[in-house]
Each structure stands twice: as structure tokens, then as C-alpha cells.
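*Asks:* Sharing a sequence plus its predicted fold:
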Amino acid sequence: MEGAAAGGTPSDKGPPSDKGTGSDAPSSSGTLRMLIIAAAGAAVTGLIVAGAIGSGGFGMLSHSSEPTLAALAPSDIPAAMATLDPATSQEAVADAKACRAPMAWVTLVKQAGSPDGTVRIRSGSYLSPPVRVTEVPQRIALPYPAPYATGHGVLWAVGEGSGVTVYLTPGWNVPALNGGDGASINVVWTPRNPC
């Protein structure tokens with residue numbers, strides 16, 4: 001009994017030893033299957049990442065896609081007012097403060113190595129003040145480009161500059177602005193109670 005308790009015999013209950021008995025064959029094939037599945041998952045993930053980079057990077061969309069325009073939190077309105085044109089934003093600010101319709105926001109930044117530029121964002125009839133776009137991201141507020149309840153509209157980037165990224169959700173890469181009409185993108189949002 002003492003020998004059976006200490007060393008055990010082949011008839012003892014418990015997991016069999018995998019040393020030298022050939023019992024590791026099913027375990028090896030299971031491990032091999034798991035490795036193949038993991039490799040296939042990694043390959044699919046790699047293809048998705050390569051597709052995102054090939055289309056302009058993470059969060060960079062072509063004009064055929066419609067990114068989401070984010071709402072400015074009511075608590076951020078006082079700080080955002082410094083980025084607005086005071087002559088043309090009064091109604092939008094009043095609507096946001098009264099919880100009738102929120103304001104939106106975007107972030108402007110230039111890609112590394114691109115020259116600084118000056119960009120304005122047109123949102124409906126509103127035109128933002130000129131923003132000197134640098135490698136330091138700048139968040140600016142703006143009214144929605146169409147009545148809030150519609151849930152879609154068009155933003156325009158106008159001015160001078162190249163390699164400008166307008167971060168929506170996700171972002172929009174504007175390769176070059178050389179004055180003129182600028183570049184446009186369709187945007188969407190989900191209308192909800194702004195407060």
C-alpha cells in the first residue's frame with residue numbers, strides 16, 4: 001500500500017504520464033491545430049491592417065466613406081468658444097447651451113514633414129476662423145453642417161496646406177489645399193438628446 005501511494009502503479013487513478021508512452025501524440029496534433037488557427041487569425045489581421053494602411057492609414061477615409069462628426073459635450077462649450085467665429089456662431093452656441101442642438105468638433109493636425117498651412121472649415125453656412133495647422137493637434141468647435149435632426153451633411157476644408165488631417169471619427173486625410181474651393185467630405189451623425 002505504501003508503495004502504491006508513493007509511486008503508484010499503472011492501475012492507479014489519475015492523469016497518465018506523458019513521458020515515453022506515446023500518449024503525447026494526440027496532444028501534439030491538438031497543439032498543431034491551435035497553432036494553425038492562430039497563424040490563420042494573424043494572417044487575416046495582417047490583411048486588415050495592410051488594407052487600412054493602403055487606404056491612407058488608420059482612420060483615414062476616402063471621399064466615398066462617411067465618417068461620423070462627434071458632438072461637443074455641453075461642459076466643453078465655454079472652452080470651445082475661443083475656436084469659434086464670434087460673429088457667426090452666436091445662434092449655434094445659444095442652441096447648444098439651451099440643449100436644442102449640440103455643436104460638433106474636429107481636430108486639425110498636419111502630417112510630419114509637411115509644411116504648416118492655414119485651414120478653415122466650412123460647415124453649412126458657417127466658416128471657421130483661419131487655423132494655423134501644425135504638428136500639434138488643435139480641436140475646434142463648429143455648428144453641424146445641416147439641421148441636427150437630418151443626421152448628415154458636408155464639411156469643407158479650405159485654405160493653404162498639404163498633408164492636413166481633419167480628425168472626425170475616424171479621420172480624413174486632405175493631401176493638398178491650394179486655395180480655391182478646397183476639399184469636401186460627407187459626414188454623418190446620430191441625432192440624440194444633446195444634454
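*Replies:* Structure's in. What do you need?

*Asks:* tell me which residues in the single longest strand found in the chain are buried?
*Replies:* Longest among the strand segments of the chain by residue count, using DSSP state E, is strand 152-167. By neighbour count with 16 or more other CB atoms under 10 Å, strand 152-167 contains the buried residues 153, 155-167. The way it works is simple: take the backbone N, C-alpha and C, and place the C-beta from them, glycine included.

*Asks:* what's across from residue 188 in the sheet?
*Replies:* Beta bridges link residue 188 to residue 68, residue 152, judged by DSSP bridges.

*Asks:* For it, give me its contacts.
*Replies:* For residue 188, the set of contacting residues under the criterion of CB atoms under 8 Å, 6 or more residues apart in numbering consists of 66, 67, 68, 69, 151, 152.

*Asks:* Of these, keep whichever come out buried.
*Replies:* Buried, going by 16+ other CB under 10 Å: 67, 69, out of those.

*Asks:* quick check, nearest of the contacts of residue 188 to residue 110?
*Replies:* Using CB to CB, residue 67 comes nearest to residue 110 of the contacts of residue 188, at 18.7 Å.

*Asks:* Confirm for me that that closest one is in contact with residue 185.
*Replies:* Yes - using CB atoms under 8 Å, residue 67 is in contact with residue 185, at 7.2 Å.

*Asks:* Out of the buried residues of strand 152-167, the closest to residue 101 would be?
*Replies:* Taking CB to CB as the measure, residue 101 sits nearest to residue 153 out of those, at 12.4 Å.

*Asks:* hey, what's the closest residue to residue 160 other than its chain neighbours bridged with?
*Replies:* When the adjacent residues along the chain are set aside, residue 160 lies closest to residue 117, with 5.1 Å between them (CB to CB, 6 or more residues apart in numbering). Here residue 117 sits in beta bridges with residue 133, going by DSSP bridges.

*Asks:* ok, which stretches of this protein are helices?
*Replies:* Counting by DSSP state H, the chain forms helices over residues 2-6, 25-54, 77-80, 90-97, given from the N-terminal end onward.

*Asks:* shaky segments in the chain?
*Replies:* Segments of the chain classed as low confidence (criterion: pLDDT under 70) are 1-65, 170-173, 175-176, 178-181.

*Asks:* Outline the domain layout of it.
*Replies:* 22-54, 70-188 (automatic domain parsing).

*Asks:* can you list the ones you listed in TSV and add distance to residue 195?
*Replies:* As requested, the domains of the chain are exported to TSV (distance: least, CB to CB, whole Å):
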stretch	distance to residue 195
domain 22-54	35
domain 70-188	4
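
*Asks:* Quick check: which of those is buried the most?
*Replies:* Stretch with highest mean neighbour count among the domains of the chain: domain 70-188 (a mean of 17; mean count of other CB atoms under 10 Å).

*Asks:* Just the endpoints, please. Distance across it?
*Replies:* Domain 70-188 has its terminal residues 9 Å apart, counting by CA to CA, to the nearest Å.

*Asks:* what's the answer for stretch 91-105, then?
*Replies:* With CA to CA as the measure, the first residue of stretch 91-105 is 16 Å from its last.
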